[in-house]
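> attaching a predicted model along with its sequence, questions to come.
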Amino acid sequence: MTSTPSSHERRAALGDPVQAYRRMQEIRSFEDRITGLFAQGLVHGTTHTCQGQEALDVGLANALRLDDIVTCTYRGHGIALALGMSPEAVLGEIMGRTSGCIGGVGGSMHLSDLDVGLLPTFAIVGAGLPVAAGAALAFQNRGEDRVAVAVCGDGATNIGAFHEAINMAAVWKLPVVFVVDNNLYGEYSRINLTTPVTDLSRRADAYGIPGESVDGMDLDTVGEALSRHVAAARSGAGPSLLEVRTYRFAGHSRADQATYRPAGELDVWRQRDPLVLRRAALIDAGIASAAELDAVEQSVRAMITDVVEATSAVPEPDARAMFANIMPPLATSTGGVR
């Protein structure tokens, strides 16, 4: 009987090129199944998937140590899986089951596992940026060799928290990397309608920190850039801003059919599907054959099917679970409550 790999083992596996490709396939297959589960009414509320952004997810996980931390948005399923959370823990949370990473009380937009460095994902646009800066400040004050990474969308670069967090990080030279996942759309609005610059990394100039824009569809490119920025932050060089140019193949959320996209735009970006590019790179380099990668893809789809079936049988938490992690009132010296 094969044992289930731990979250740390799942992270370590990304050092193998084929396993990194497997994780990208896992994220894609997982998100495709979430779409179907939502349609069946098995995902409550809403959910936001990340098909097309798998290279960023896996590249980020490969650039970090286990004790580094990440904050990200509600489109965080792929990052959670890449960092090492199990599909069972992520799906359990999305489906509101007790097997979820926080017991099924958070749902799709609130994933968290400190064991892999993922702070609770944020439903508020840009809310994770100051939190990541705060974590980096704590690392700096404690003299810890750790780095914080804040992942936000292109729309978040237009809000106050983005500028406030970067300004503070720059002044105090905090060990934090701000990663802008530019998938061209802030919810339903295309970036050219909301943002006056096309190169978002230029916004780093206002704060005197390094800025860079890279192709987010190629795993090697985005992974190398993330590794450099993380290493610089760890060395004491302070914060930086990395724009990763991606594209979300799905709409903003499961209720969004993305009819606002220009005709043909999705087809153009699908030609640069990160899974297709990675598969071709592995075959061209002689790392794996087409047959071997076909087997990987089939294995992943079968695994996700098993996870869906198992999770569907797990019970939902009862109402008391909402209060399980809330601190009790503090008692005063006179025995009262304050």
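Cool, got the structure.
> what sits against the residue lying closest to D256 once chain neighbours are set aside?
Nearest non-adjacent residue to D256, counting by C-beta to C-beta, 6 or more residues apart in numbering: Y188, 6.8 Å away. Every residue, glycine included, has its C-beta placed from N, CA and C. Going by C-beta atoms under 8 Å, 6 or more residues apart in numbering, Y188 touches 252, 256, 260.
> tell me the most packed of the residues you listed, by neighbour count.
The residue in the contacts of Y188 with the most neighbours, by other C-beta atoms under 10 Å, is H252 (21 neighbours).
> residues contacting it?
Per C-beta under 8 Å, 6+ apart, neighbours of H252: 48, 185, 187-188, 258.
> look up phi and psi at the most centrally placed residue in the chain.
Central residue of the chain (C-alpha atoms, centre = their mean): I79, 2.8 Å from the mean position. Main-chain torsions, I79, degrees, to the nearest 10: phi -70, psi -40.
> what about it, distance to E144?
Computed as C-beta to C-beta, to the nearest Å, the I79 to E144 distance reads 22 Å.
> and T195, by the same measure?
Relative to E144, and taking C-beta to C-beta, T195 is found at 35 Å.
> kindly report the same for P317.
From P317 to E144 the distance is 34 Å (C-beta to C-beta).
> which one's more surrounded, the two?
Neighbour tally, P317 and E144, criterion other C-beta under 10 Å: the higher count belongs to P317, 18 against 12.
> strands along the stretch 51-200 of the chain, start to end?
With DSSP state E, counting those that start in this stretch as the criterion, the stretch 51-200 of the chain has strands at 69-71, 148-153, 176-182, 185-186, 189-190.
> surely D68 and R146 touch.
Yes: using C-beta atoms under 8 Å, D68 is in contact with R146, at 5.5 Å.
> dump the contacts of H252 to JSON lines, plus pLDDT.
Below are these laid out as JSON lines (pLDDT from 0 to 100):
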{"residue": "H48", "pLDDT": "93"}
{"residue": "Y185", "pLDDT": "90"}
{"residue": "E187", "pLDDT": "87"}
{"residue": "Y188", "pLDDT": "84"}
{"residue": "A258", "pLDDT": "86"}
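> tell me where the model's unsure across the chain.
1-2, 327-338 (pLDDT under 70).
> show me what counts as buried in the one helix or strand L275 maps to.
L275 belongs to helix 274-284 when assigned by DSSP states H and E. For helix 274-284, the neighbour count (16 or more other C-beta atoms under 10 Å) marks 274-275, 277-279, 282 as buried.
> try stretch 287-304
288, 293, 296-297, 300-301, 303-304.
> still on that earlier bit, which elements pack onto the helix holding L275?
Other helices and strands packing on helix 274-284, by 3 or more C-beta pairs under 8 Å, 6 or more residues apart in numbering; DSSP states H and E, are helix 17-39, helix 54-63, helix 219-234, helix 290-312.
> show me where the stretch 51-200 of the chain has its helices.
Assigned by DSSP state H, counting those that start in this stretch, the stretch 51-200 of the chain shows helices spanning 54-63, 77-83, 87-94, 128-142, 160-172.
> count of neighbours near E316?
13.
> relative to H48, how far out is it?
As for E316, its distance to H48 is 21 Å (criterion: C-beta to C-beta).
> L83 contacts G117, correct?
Yes: if you go by C-beta under 8 Å, L83 and G117 touch, sitting 6.3 Å apart.
> which one of the two is surrounded by more residues?
Using other C-beta under 10 Å as the criterion, L83 and G117 rank with L83 on top: 27 against 24.
> which residues touch that one?
L83 makes contacts with 7, 11, 60-61, 64, 70, 113, 116-118, as judged by C-beta under 8 Å, 6+ apart.
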